[in-house]
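1. have a look; sequence and predicted model below, questions after that.
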Amino acid sequence: MPSRYQYVPLTYVPLAEGEIPVRILAISAHPDDVELLCAGTLAHYATQGAEVTVAVLTNGELGSRTLSRAETARVRQAEAERAARVLGANLLWLGQQDGFLFDNSETRLLVIDALRQAQPDVVFAHHPDDYHPDHRAAGQLTNAARLLSREPALETRYSPTRRVPALFFMDTFMTEGSARPDLWVDVTVTMPCKEAMLAEHISQNDARRARTGSDFLALMRTQASLRGGQVDVRYAEAFRVARTYPPTSITDLTPPDSNMTLPVRSVSSRA
Ligand SMILES: [Zn+2]
């Protein structure tokens, strides 16, 4: 089904000749999590020439009360692919069972291989205190795989990662359960891209509208303006840094050898 959302694309600045693209990976439990929680930040990267990959761990097949699980999985994958195309991102569809994501050897190897395939400088993952069990498992898997993916003794389809990437935890759904963010990214200018991506999840928006009277776009705008209001901008996405070894710092959002800039607001930058 074609999107009903009218979107004016952002301006993409091409890389200079010989410039190596920064690589960004966002790992989520379900299709639409990334759109809700970090797509505005991903758009900042994409418009500056970064190679962005979105990995979705489960098929999201519990997302419908009318379709079969197999049919829902097909619909949700197609929607996630269209959303990734809005951003110009790669999509890794990892095919795990919705509602039953666990940190075990099979899923760890899967996430290790996703990291190896994407070779990211920066990773975004679910917050360890998230309300949803799949989100917590996805965050834990990513945190564990971040270290293990560089070990050559672990043989998988792809070559080991060249570095341990910086790890940032995304906000939680309507900020429940999360401690105070370490940083906010002003996503006011990339909000149209975030909205267009989320609008591609038509089945989810329609189901939520039928259930509650408003869709995920409305929910997302509420959260982005709540976070924006905390740092005096219109819309923001909030993140925490990973404190596990090697710890991530706020400045790791942009690799030092890149020309990237991100409109970051941190606790210390607040007046
Ligand atoms: Zn989710």
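-> That came through fine. No experiment lies behind these values; they were computed from the predicted model shown.

2. element containing the nearest residue to residue 214 once chain neighbours are set aside, please.
-> Leaving aside its sequence neighbours, residue 214 sits nearest to residue 208 (CB to CB, 6 or more residues apart in numbering; 7.2 Å). From N, CA and C alone the C-beta is placed, and that goes for glycine too. Here residue 208 is covered by helix 202-212, with elements defined by DSSP states H and E.

3. is the ion contacted by the helix or strand that that helix is followed by?
-> Tracing the chain C-terminally past helix 202-212 and defining elements by DSSP H and E, one meets helix 216-230 next. No - shown here: helix 216-230 not in contact with the ion (CB under 5 Å from the ion), separated by at least 10.9 Å.

4. for helix 216-230, packing partners?
-> helix 33-37, strand 183-186, helix 191-199, helix 202-212, strand 236-241 (3 or more CB pairs under 8 Å, 6 or more residues apart in numbering; DSSP states H and E).

5. if I look at the residue lying closest to residue 39 once chain neighbours are set aside, how far off is the ion?
-> Among residues not flanking residue 39 along the chain, residue 194 sits closest, at 4.2 Å (CB to CB, 6+ apart). Distance of residue 194 to the ion, computed by CB to the ion, to the nearest Å: 16 Å.

6. mind checking pLDDT for residue 194?
-> Note for residue 194: predicted pLDDT of 97.

7. my read: it touches residue 44, true?
-> No - contact criterion CB atoms under 8 Å: residue 194 and residue 44 do not qualify, at 10.4 Å.

8. can you pull the contacts of the nearest residue to residue 48 once chain neighbours are set aside?
-> Nearest residue to residue 48 in three dimensions, chain neighbours excluded: residue 260, at 5.0 Å (CB to CB, 6+ apart). Going by CB atoms under 8 Å, 6 or more residues apart in numbering, residue 260 touches 22, 45, 48, 50, 254.

9. quick check: of those, which lies closest to the ion?
-> residue 45 (21.5 Å; CB to the ion).

10. give me the angle between the helix or strand hosting the closest one and helix 191-199.
-> Per DSSP H and E: residue 45 is located in helix 39-47. Interaxial angle, helix 39-47 versus helix 191-199 (axes from the mean of the first three to the mean of the last three CA atoms, to 10 degrees): 110 degrees.

11. average model confidence for helix 39-47?
-> Computed over helix 39-47, the average pLDDT equals 97.

12. now whichever residue of the stretch 151-271 of the chain sits closest to the ion: closest residue in space that isn't a chain neighbour?
-> Distance from the ion to each residue of the stretch 151-271 of the chain (CB to the ion) is smallest for residue 173, at 7.5 Å. Residue nearest to residue 173 in three dimensions, not counting chain neighbours: residue 131, with 5.8 Å by CB to CB, 6+ apart.

13. since that was my last question, I'll sign off now.
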